[in-house]
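Asker: Sequence and predicted structure, then a few things I'm wondering about:
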Amino acid sequence: MTKSNGGSKVRGGYYWNLSRWSITSVNGDEGVLEAPADEKFIRLPLLVMIAVAAAMSLAFVIFLPFIGFAMLAYALGKKVAAVVQKVAREAVVTVSPQWRPGEAYFAGKPGKGKKARKDGGGSLDELEKEIAGRRRQEDEEKK
């Protein structure tokens with residue numbers, strides 16, 4: 001088995017491309033390996049070439065279903081990861097506090113701490129009458 005580079009002049013026969021894992025044939029007595037100069041080739045005898053081609057096709061047939069299952073698992077995994085990421089993001093938004101800059105949180109919420117009266121604001125009028133009545137009593141006591 002002789003080693004050759006791409007673009008070199010070689011004898012006719014079958015050559016194994018080590019970088020692409022492919023078989024190239026050179027027809028006739030002599031020919032040129034049509035490939036870039038950095039690719040390396042090994043000349044294979046006919047029987048070895050048949051064995052290599054059979055091994056490559058067998059490997060392809062055996063591993064093709066596994067490649068299909070791996071691609072399916074990858075695609076499903078991406079979908080599941082996207083759903084989990086969306087659910088996690090929504091959970092974080094729901095649990096996180098709603099901070100709004102510029103709001104005073106020490107003031108409390110409207111309506112808390114003070115009991116609303118049912119009379120709808122008439123209590124101020126009553127309070128005004130009570131204050132006026134007490135002032136009159138004080139004025140009478142002073143006289």
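Answerer: Looks like it arrived, so ask away.
Asker: Which elements pack onto the helix or strand where residue 62 lies?
Answerer: Taking DSSP states H and E as the criterion, residue 62 maps to helix 46-95. With contacts taken as 3 or more Cβ pairs under 8 Å, 6 or more residues apart in numbering; DSSP states H and E, helix 46-95 sits against strand 9-17, strand 22-32. (Glycine included, C-beta is placed from N, CA and C.)
Asker: Of those, flag the one that's most buried.
Answerer: Mean neighbour count, computed with mean count of other Cβ atoms under 10 Å, is highest for strand 9-17 among these, reaching a mean of 17.
Asker: Could you spell out the sheet neighbours of it, each with its direction?
Answerer: Paired with strand 9-17 in the same sheet, following DSSP bridges, are strand 22-32 (antiparallel), strand 40-44 (antiparallel).
Asker: Can you add mean pLDDT and distance to residue 63 and give the ones you listed back as a markdown table?
Answerer: Output for those, formatted as a markdown table (pLDDT from 0 to 100; distance: least, Cβ to Cβ, whole Å):
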| stretch | mean pLDDT | distance to residue 63 |
| --- | --- | --- |
| strand 22-32 | 87 | 17 |
| strand 40-44 | 89 | 23 |
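Asker: picking up where we left off before, could you dump the helices and strands packed on helix 46-95 into CSV and include distance to residue 38?
Answerer: Formatted as CSV, the helices and strands packed on helix 46-95 follow (distance: least, Cβ to Cβ, whole Å):
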stretch, distance to residue 38
strand 9-17, 11
strand 22-32, 15
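Asker: just to revisit the earlier point, and residue 78, which of the strands paired with strand 9-17 is closest to it?
Answerer: Nearest of those to residue 78, taken as Cβ to Cβ: strand 22-32 at 31.6 Å.
Asker: Skipping adjacent residues, who's closest to residue 6 in space?
Answerer: residue 35 (3.1 Å; Cβ to Cβ, 6 or more residues apart in numbering).
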